[in-house]
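after the sequence you'll find the predicted model.
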Amino acid sequence: MNMIKNKNVKTFKDRLHSSMQGLSVSAFAKKCDMSETVIRDYLSGKTYPSLTRLEVIAEKCNVSFNWLATGYKLEVLGSKDDENVYNENIYRIPVYRKQLPTKEEAQMQRYVRETPPVMNYPIVEGWASHRGLDIKKLLIYWAKGDLMSPEINNNNGLIINTDIGDIVDGAIYLIEYEDITFLRKVRLTLDGWLLICNNSEYPTIEVPKTNFHKYHIVGRIVQIIKDIF
């Protein structure tokens, strides 16, 4: 069976330089639709690309995404080696339904810089089980605006648990109200909820218990995904 085994200990910048196949930084940046500054930072080891950019680079250079990202190569191992290999299922959780693009939009956005992946997001099975989460109840939401900054910024990816039990005081939820979808920190009071923004420029919303039915809580944020550049 196909498993993963480390066959290359090079650093990422070495693998990236090898993938350039002699192209100049300028030509390579243009080929990948990225800035020269970004590519130079990768080559110097100053920064590391997001999964989205790794996918673009791997496809443009016709190299393995797995090798580019980790330095590992796929090879066939005998059954005697199986016990030495850590292998775990990876699931792709769906995007929040209101952010689903058409097929044409998804194909176009795939190669646009600074556009987050919108169709799905890979999750390791062990991560979900360790957190006590049902992986089938998770979805990805791409934050918009600055309501919850600096904790959550524009285009941060949010993994949301839609398996909602009791509301957790102080947790952040994705909420629908009429045609609006927004993020808020929920504080519990004797009379209802306070829906609070991190950004003080936006007002707190007071929701009495009699109005709970007007607000649909999509789910609770369980992880924030951020680019580091």
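Received it, and whenever you're ready, just let me know what you need.

got any ranges where the protein has weak pLDDT?
For the chain, the stretches with pLDDT under 70 are 1-10, 73-88, 101-119, 228-229.

Gly192 is in contact with His213, isn't it?
No: if you go by Cβ atoms under 8 Å, Gly192 and His213 don't touch, sitting 11.8 Å apart. C-beta here means a position set from N, CA and C on the backbone, and glycine is covered the same way.

any idea how many residues pack against Arg40?
Arg40: 13 surrounding residues under other Cβ atoms under 10 Å.

then Ile90?
10.

wait, it sits on Trp127?
No: contact criterion Cβ under 8 Å: Ile90 and Trp127 do not qualify, at 9.9 Å.

before we move on, back to that, and Gly192 and His213? Which one has more around it.
Gly192 (15 against 7).

contacts only, for the more buried one.
206-209, 211-212 (Cβ atoms under 8 Å, 6 or more residues apart in numbering).

of these, grab the buried ones for PyMOL.
Remark: buried members of the contacts of Gly192, expressed as a PyMOL selection using 16 or more other Cβ atoms under 10 Å:
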select buried, resi 207
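
so the closest residue to Thr181 other than its chain neighbours, which of the three states?
Closest residue in space to Thr181, ignoring its immediate chain neighbours: Lys98 at 6.0 Å, by Cβ to Cβ, 6 or more residues apart in numbering. Under the three-state scheme (DSSP: H, G, I helix; E, B strand; the rest coil), Lys98 adopts helix.

between the contacts of Gly192, which is nearest Lys31?
Val207 (51.2 Å; Cβ to Cβ).

how far away is that closest one from Gly71?
To Gly71, Val207 is 50 Å away according to Cβ to Cβ, to the nearest Å.

now swap in Thr162 and tell me
Thr162 is 36 Å from Gly71, by Cβ to Cβ.

Lys226: neighbouring residues, count only.
11.

that one: what's it in contact with?
153, 156-157.

for it, what are phi and psi?
phi -130, psi 140 (degrees, to the nearest 10).

and if you look at Asn154?
Dihedral pair for Asn154: phi -60, psi 130, per degrees, to the nearest 10.

the one 3 residues further on now?
The phi/psi pair for Gly157 (degrees, to the nearest 10) reads phi -90, psi 140.

and it, how many neighbours?
For Gly157, using other Cβ under 10 Å, the count is 21.

which residue is the nearest non-sequential neighbour of it?
Per Cβ to Cβ, 6+ apart, closest to Gly157 is Ile225, 3.5 Å.

that neighbour - how many residues pack around it?
Neighbour count for Ile225, taken as other Cβ under 10 Å: 16.

that one contacts Asn155, correct?
No: using Cβ under 8 Å, Ile225 makes no contact with Asn155, being 9.8 Å away.

any buried residues in the longest helix seen in the chain, and which?
Criterion DSSP state H: the longest helix present in the chain is helix 51-61. For helix 51-61, burial by neighbour count (16+ other Cβ under 10 Å) applies to 51-58, 61.

and what of stretch 167-174?
172-174.

between those, which is nearest Tyr121?
Leu174 (14.8 Å).

got the contact list for Leu138?
Leu138 neighbours (Cβ under 8 Å, 6+ apart): 93, 123, 128, 159-162, 222.
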